[in-house]
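> sequence first, predicted model second:
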Amino acid sequence: MATTQVQENVLREEGRLPRTPEPGVVVIFGASGDLTRRKIVPALYDLAAQRRLPMEFAVVGISRTKMSHDEFRERLRKALEEQRPGQVSEEVWDSFSKGIFYLPGDSKDPATYEELKGFLKKLDDERGTEGNRAFYMASSPSLFPTIVERLGEAGMSREEDGHYSRIVIEKPFGRDLKSARELNNDIREHFREDQIYRIDHYLGKETVQNILALRFSNGIFEPIWNQHYVDHVQITVAEDIGVGTRGAFYEEAGALRDIVQNHMMQVLCLTAMEPPVAFDAESVREEKVKVLKAVRPIPRDEVKNVAVRGQYDRGWVFGKEVRGYREEDDVAPDSETETYVALKLYVDNWRWAGVPFYVRTGKRLPKKATEIAIQFHKTPHTPFSGNDTQGLEPNLLVIRIQPEEGVSLKIGAKVPGSGFEIRSVNMDLLYGTAFSKEVPDAYQRLLLDMLLGDPTLFIRADEAEGAWRILEPVMESWAQDGEVAHYPAGTWGPEEADKLLARDGREWRRP
Ligand code: BG6
């Protein structure tokens, strides 16, 4: 029997059902763009389908394209249908789309904000959205400061009568330390830090959150999670795709800004951080910031010894010949932009002293694989003969973020038979088989948390700046000298990356 609204409310109050956000409106700047269609609206639709949104909820899209409310709805509906053919529920879409609206307008023009203000007021009266607003920056990053300023001037950043006004910002948070600071300062002229939600979609991934679950809900890992037991750590974000249609964006970004500054630094923080006192925004983010502060600064003249950049040339991926980066659309034929980065970092604190963290990311590698590999020290002594232990490798714990989400532990085991031959085998946990629940998309989780006012999985200003600080010398050095190394598409990156580990007597894993 379906529960009634009254029963649901009672269960929620007792904490036996998940909380539902307060009534409110999500205003999307840059609403005609890709992100709105591909990520934001589908995530909100899924939340609506799971009845995680209040009835008094609305979405208002703004961009310069001229469109009616209905044309905007139709466009979103089409995109949703393309994403999940035959799976869009008419009933859910009907009720959800009644709350979708569109305002054509120039986000630089103060008049747009006066109009928006009036429109939101009308929605409060007609749909009961109660004056709560979240402003989502899905536009071009160069417009972020202007939009924030206009919102502030129009009085829309003020939280009155207990109603919230939040701002959601997509990466990039600046393009270096200086611009990140400026952006943070610009935003803070109008919004307090606790009104700002900086999105890194990696933090919305279940398996990224599972790093914390694995470390802090199991007694057996923490005691060995340190330099006494860990030889080194490898963090990999490998992609088989190229830059596709994003050549123009990528030329400005490169892999260091696109992936390392945000996703990889976050994964590094979660792997290396101390146990937080509680799973709340300040406790978790405080510990992450401490890791960033502990990362050893790279002297400019050391960059060449600890950082490698590469760019893919023509090659073969999954049996298909693909173009080189310089042949991609909107890419300069002599571009030096990196599509691959490998770095060696140290976290100089009690726990990690002397343990290298090797991180690498690349496009057009042989497969998509994101993982953290914790390589433990060799056993101090094996009582078995050298011949018997030839197939034995040190213990290795691999946390697979995607795909085939799970955890595996490499252990030594006896090969069946009369001798005592030992070989390494994997103990494997696949999350997909352990839980029958469907894994929600990262945006679903993050948007819901934002609407509930929980910033735990969002980036604080000092985190964004801390990550830029680490990479600053690398960016400066690359901007001034040295050429990008090359690798054929479909391989594991340039030779220089292998040499980076070979110098330490180690090698990269093949995920
Ligand atoms: C984005 C980058 O932030 O992350 C893309 O801009 C990249 O270049 C993407 O492809 C990878 O995300 P995921 O979730 O597929 O690992």
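Cool, got the structure. Numbers count the residues shown, from 1 in each chain.
> any regions of the stretch 1-150 of the chain where pLDDT drops low?
1-17 (pLDDT under 70).
> now do whichever residue of the chain sits closest to the ligand: how many residues are near it, please.
For the chain and the ligand, the shortest gap (Cβ to the nearest ligand atom) falls at residue 258, measuring 4.7 Å. Using the backbone N, CA and C atoms, a C-beta is placed for each residue, glycine as well. Using other Cβ atoms under 10 Å, residue 258 is surrounded by 23 other residues.
> check residue 350 too.
Residue 350 sits with 9 neighbouring residues when counted by other Cβ under 10 Å.
> let me know the secondary structure of it.
State at residue 350, reduced to three classes by DSSP: H, G, I helix; E, B strand; the rest coil: coil.
> identify the residues contacting the residue nearest the centre of the chain.
Nearest to the geometric centre of the chain sits residue 202, at 2.3 Å (Cα atoms, centre = their mean). With contact set as Cβ atoms under 8 Å, 6 or more residues apart in numbering, residue 202 has these partners: 208, 262-263, 266-267, 401, 442.
> next one: residue 263
Neighbouring residues of residue 263 by Cβ under 8 Å, 6+ apart: 200-202, 237.
> ok, residue 35 to residue 44 distance?
Going from residue 35 to residue 44 by Cβ to Cβ, to the nearest Å gives 12 Å.
> out of these two, which sits in the busier spot?
Set residue 35 next to residue 44 and count neighbours by other Cβ under 10 Å: residue 44 wins out with 25 against 17.
> I'd like to know how far the more buried one sits from residue 50.
Look at residue 44 and residue 50: by Cβ to Cβ, they are 11 Å apart.
> what does residue 348 give?
44 Å.
> follow-up on the earlier one: which of the contacts of residue 202 are buried?
Among the contacts of residue 202, those classed as buried by 16 or more other Cβ atoms under 10 Å are 208, 262-263, 266-267, 401, 442.
> is stretch 430-447 positioned near the ligand?
No. Stretch 430-447 stays out of contact with the ligand when judged by Cβ under 6 Å from any ligand atom, the minimum separation being 6.9 Å.
> which stretch of helix or strand covers residue 343?
Element membership for residue 343, per DSSP states H and E: strand 340-346.
> ditto for residue 125
Using DSSP H and E, the element containing residue 125 is helix 110-127.
> which SSE is immediately downstream of that helix?
Using DSSP H and E, the helix or strand that follows helix 110-127 in sequence is strand 133-137.
> before we move on, back to that, now the angle between strand 340-346 and the helix or strand just after the strand holding residue 343, please.
Downstream of strand 340-346, the first helix or strand assigned by DSSP H and E is strand 356-362. Counting by axes from the mean of the first three to the mean of the last three Cα atoms, to 10 degrees, strand 356-362 points 170 degrees away from the direction of strand 340-346.
> what's in contact with strand 356-362?
232-239, 255, 259-260, 264, 268, 271-272, 310, 312, 339-347, 487, 492-493, 497, 500-501, 504, 506, 508.
> do that strand and the ligand meet at all?
No. Using Cβ under 6 Å from any ligand atom, no contact is recorded between strand 356-362 and the ligand, whose separation bottoms out at 9.0 Å.
> using PDB, list the CA coordinates for that strand.
Presented in PDB, the C-alpha positions along strand 356-362 are these (Å, rounded to 0.1, in the frame of the first residue of the first chain):
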ATOM      1  CA  PRO A 356      55.600   8.900  -3.200                       C
ATOM      2  CA  PHE A 357      52.100   9.600  -4.600                       C
ATOM      3  CA  TYR A 358      52.300   9.100  -8.400                       C
ATOM      4  CA  VAL A 359      49.300  10.500 -10.200                       C
ATOM      5  CA  ARG A 360      48.600  10.300 -13.900                       C
ATOM      6  CA  THR A 361      45.800  11.200 -16.200                       C
ATOM      7  CA  GLY A 362      45.400  11.100 -20.000                       C
END
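> that one pairs with which strands?
According to DSSP bridges, strand 356-362 has the following sheet partners: strand 230-238 (parallel), strand 340-346 (antiparallel).
> between those strands, which one is nearest to residue 61?
Ranking the strands paired with strand 356-362 by proximity to residue 61 (Cβ to Cβ) places strand 230-238 first, at 31.1 Å.
> show me the contact partners of that closest one.
224, 259, 263-264, 267-268, 271-272, 352, 355-362, 365-378, 394, 492, 504, 506, 508-509, 511.
> hmm, that strand touching the ligand?
No. Remark: strand 230-238 sits outside contact range of the ligand, by Cβ under 6 Å from any ligand atom, the gap being at least 6.5 Å.
> please report how far the closest residue to the residue nearest to the centre of the chain other than its chain neighbours lies from residue 376.
Leaving out its chain neighbours, the residue that sits closest to residue 202 by Cβ to Cβ, 6 or more residues apart in numbering is residue 263, at 4.3 Å. Residue 263 is 25 Å from residue 376, where distance means Cβ to Cβ.
> do residue 442 as well
30 Å.
> let me see the contact set for residue 293.
Neighbours of residue 293 in contact, by Cβ under 8 Å, 6+ apart: residue 466.
> list the contacts for residue 257?
Contacts of residue 257 (Cβ under 8 Å, 6+ apart): 172, 175, 475.
> and residue 385, by the same measure?
Shown in contact with residue 385 (Cβ under 8 Å, 6+ apart): residue 420.
> which residues of the protein lie near the ligand?
Residues of the chain lying near the ligand (Cβ under 6 Å from any ligand atom): 239, 258, 370.
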